[in-house]
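Visitor: Based on what follows, work out the 3D shape:
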Amino acid sequence: TLTLEAGGFGGDGGSSVAALGAGGIGVGGFAGVFANASQVDAGSISTRADGIGGDGSTGGDGFGGNAGIGIVGGTLNALALIGTAQGIGGSGTTGDGGAGRAGEVSIDSDSILNVTGDIQYSATGSGGASETGDGGLALGGVASITTSGTAILTVGGGVVLNSFADGGAGAVGGDATGGTAFIDVREGAATLTGPTNLDASATGGESGDGDGGNGTGGLAYARSRDGGSLSFGNATLTANGLGGFDAAGVRSGGAIGGLVQVLATAEAAIEADFLRLEALGAETAGAFEIIANGGTVALDQLVARAVGASAGDASLIRAAGGAIPITGSAQIELTGDLDIVTANGGLIGGPSIGAPTALIDISTAGTVTIDGDNDDQIGFGGQDVFILSSELDILAGARIGAEFLNLVVFGNDAMTVLGGTGDTEGYT
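Guide: Residues are numbered from 1 along each chain as shown. Model prediction:
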């Protein structure tokens, strides 16, 4: 086992007859392992660069540093990889809790990385609590894996990339904003056999006297480009926003979902047996995007949710000169709009036009828009397609294919119109 630590710890505030002093600032440093034109063999490799604020009358701020692995023209073999760049705010008494601002924890490779077990990387932010002041702010950092060149990445266990944030508890709960968690395959190949979780969620702090803190989701994405290949078993990408509890135990803080993305471009490929995308916000929904621009996103099972009390940005499924074949099922639930776009021979669903097997179920209180550039070719469809929406727009150039097609109108007080070229207040 190889362990490198470069943590920064703020001192606690001193006490006197007059008052308690403020907590000190904690700043993480740099902890890294590199294989530059060389080979590294290890059991577990742990790199930590956390920043922890001290406790005091006012909590000290905590700033995460930088930690991780770098491979340039070399090889690294390990049983497991653990990395943290957490920012943890100190606790306050009469003043506010300290802010927790995470740093960056990353794996960057242009050659060979073999991990027999798990990868667990966290760049999380945690606001400090306060007895009578407000809870501390929390900001998630960056947790990432990036490959380039002729890189080969193989992981036998699970992969966890966390950049979530938790606001501190106090008289008023601290706000929290998720960071960025991503996997980016720039050329090369990455095979992740076990479950993969990318989390950029946020939870507002609890309140003892006022409102809970706001929680705003960040960004989680998986991307393959320039001929790269990314293969998952089961993958979950999350950017949820959750408000903090108030004194009555009710979530009163604002809750806004973030953005989750899966992107394959420039002859690259992504495949997954099971893919879950979540961008939930109790107050405002987030959004998801699945994009194959000149690439392929091949799925067996898909669950995608962007749900909230009100709609946020529109979600998008797009295949332009590429394909998003689905062999099993796709369950899609939204509060807002969904744009389904094909171009340059793109196909969504299927997985083939002649022998479709996909079961596609879409449910939204918003509008489903289907766009394309070829009326003579099916661009979107499956064996069975169910669409529940308040509005359905099939634009010129778009064509749907299904052995069974079920269209359901989301409840409203307006008239439903089938056919024609005009638009009405209700479902058209």
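
Visitor: So what's the residue count around the closest residue to Gly228 other than its chain neighbours?
Guide: Nearest residue to Gly228, sequence neighbours excluded (CB to CB, 6 or more residues apart in numbering): Val185, at 3.9 Å. Every C-beta, even on glycine, is put in place using the N, C-alpha and C of the backbone. Per other CB atoms under 10 Å, the neighbour tally for Val185 reads 27.

Visitor: cool, Val72 as well?
Guide: By other CB under 10 Å, 15 other residues sit near Val72.

Visitor: give me every residue that touches Asp376.
Guide: Applying CB atoms under 8 Å, 6 or more residues apart in numbering to Asp376 gives the contacts Arg399.

Visitor: which SS class is it?
Guide: Here Asp376 is coil, with the state taken from DSSP: H, G, I helix; E, B strand; the rest coil.

Visitor: now it: how far from Gly345?
Guide: Going from Asp376 to Gly345 by CB to CB, to the nearest Å gives 11 Å.

Visitor: Check Thr47 too.
Guide: Going from Thr47 to Gly345 by CB to CB gives 45 Å.

Visitor: which residues does the residue nearest to Gly228 contact?
Guide: So Val185 contacts 146-147, 151, 153, 223-225, 228-230, 268 (CB under 8 Å, 6+ apart).

Visitor: same deal with Gln377?
Guide: 345, 353, 399.

Visitor: Please give me every residue in contact with the closest residue to Asp246 other than its chain neighbours.
Guide: Leaving aside its sequence neighbours, Asp246 sits nearest to Ser252 (CB to CB, 6+ apart; 4.1 Å). The contact partners of Ser252, taken as CB under 8 Å, 6+ apart, are 207, 211-212, 243-246.

Visitor: switch the cut-off to 6 Å
Guide: By CB atoms under 6 Å, 6 or more residues apart in numbering, Ser252 lies in contact with 211-212, 246.

Visitor: Pull up the per-residue confidence for it.
Guide: As predicted, Ser252 sits at a pLDDT of 87.

Visitor: again, but for the one 10 residues further on
Guide: With respect to pLDDT, Val262 has a value of 98.

Visitor: Tell me the secondary structure of it, please.
Guide: The three-state assignment at Val262 reads strand, by three-state DSSP.

Visitor: Can you find the helix or strand in this protein with the smallest mean pLDDT?
Guide: strand 391-394 (a mean of 91; mean pLDDT, DSSP states H and E).

Visitor: Check what contacts that one and list those residues.
Guide: Contact partners of strand 391-394, identified using CB under 6 Å, 6+ apart, comprise 367-370, 427.

Visitor: Tell me the first helix or strand C-terminal of that strand.
Guide: strand 400-409 (DSSP states H and E).

Visitor: Please tell me how far stretch 363-378 is from the chain's geometric centre.
Guide: Relative to its chain's centre, stretch 363-378 lies at 26 Å (CA atoms, centre = their mean, to the nearest Å).

Visitor: what about it, start to end distance?
Guide: 21 Å (CA to CA, to the nearest Å).

Visitor: Following the chain onward from the helix or strand harbouring the residue nearest to Gly228, which element is next?
Guide: Secondary structure assigned from DSSP H and E places Val185 in strand 180-186. Under the assignment DSSP H and E, the closest C-terminal helix or strand after strand 180-186 is strand 189-192.

Visitor: Now do that following strand: which elements does it pack against?
Guide: In this structure, strand 189-192 packs against strand 152-155, strand 229-238, with contacts taken as 3 or more CB pairs under 6 Å, 6 or more residues apart in numbering; DSSP states H and E.

Visitor: Now do it, average pLDDT.
Guide: 98.

Visitor: Restrict it to CA atoms and write it as CSV.
Guide: Presented in CSV, the C-alpha positions along strand 189-192 are these (Å, rounded to 0.1, in the frame of the first residue of the first chain):
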residue,chain,number,x,y,z
ALA,A,189,-10.1,2.5,-24.8
ALA,A,190,-11.6,2.3,-21.3
THR,A,191,-13.3,-0.8,-19.9
LEU,A,192,-15.1,-0.4,-16.6
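
Visitor: And the pLDDT for Arg424?
Guide: Arg isn't right for residue 424; it's Thr. 68.

Visitor: Identify the residue with the minimum pLDDT among the contacts of Gln377.
Guide: Scoring these by pLDDT puts Ile353 last, at 89.

Visitor: for stretch 220-235, the distance to its chain's centre please.
Guide: Counting by CA atoms, centre = their mean, stretch 220-235 comes out at 13 Å from the chain centroid.

Visitor: got it, and stretch 398-410?
Guide: Remark: stretch 398-410 is offset 30 Å from the chain centroid, using CA atoms, centre = their mean.

Visitor: try stretch 193-212
Guide: Between the centre of stretch 193-212 and the centre of its chain there are 12 Å (CA atoms, centre = their mean).

Visitor: Just the terminal-to-terminal distance for that stretch.
Guide: Stretch 193-212 end-to-end distance (CA to CA) = 39 Å.

Visitor: What are the buried residues along it?
Guide: By neighbour count on 16 or more other CB atoms under 10 Å, the buried set for stretch 193-212 is 194-208, 211-212.

Visitor: For the least confident helix or strand of the chain, C-alpha coordinates in CSV please.
Guide: These are the backbone C-alpha positions of strand 391-394, laid out as CSV (Å, rounded to 0.1, in the frame of the first residue of the first chain):
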residue,chain,number,x,y,z
GLU,A,391,-47.8,18.5,-26.5
LEU,A,392,-46.3,16.4,-29.3
ASP,A,393,-44.5,18.2,-32.2
ILE,A,394,-43.4,16.0,-35.1
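
Visitor: Can you list the buried residues in it?
Guide: Judged by neighbour count using 16+ other CB under 10 Å, the buried positions of strand 391-394 are 391-392.

Visitor: what number of residues lie near Ser229?
Guide: Using other CB under 10 Å, Ser229 has 18 other residues around it.

Visitor: still on that earlier bit, quick one: which of the contacts of Val185 is most hemmed in?
Guide: Highest neighbour count within these: Ser224, with 31 neighbours (other CB under 10 Å).

Visitor: Show me what the helix or strand that contains that one is packed against.
Guide: Using DSSP H and E, Ser224 sits in strand 219-225. Helices and strands touching strand 219-225, by 3+ CB pairs under 6 Å, 6+ apart, are strand 180-186, strand 259-265.

Visitor: Quick check: next helix or strand after the last one?
Guide: Where DSSP H and E defines the elements, the next helix or strand beyond strand 259-265 is strand 269-278.

Visitor: which residues sit against the helix or strand following that next one?
Guide: Later in the chain than strand 269-278, the nearest helix or strand by DSSP H and E is strand 281-284. Defining contact as CB under 6 Å, 6+ apart, one finds that strand 281-284 is touched by 241, 254-257, 308-310, 312.

Visitor: helices or strands up against the helix or strand encompassing Ser44?
Guide: Using DSSP H and E, Ser44 sits in strand 39-48. Using 3+ CB pairs under 6 Å, 6+ apart as the contact test, the elements touching strand 39-48 are strand 2-5, strand 30-36, strand 66-72, strand 75-84.
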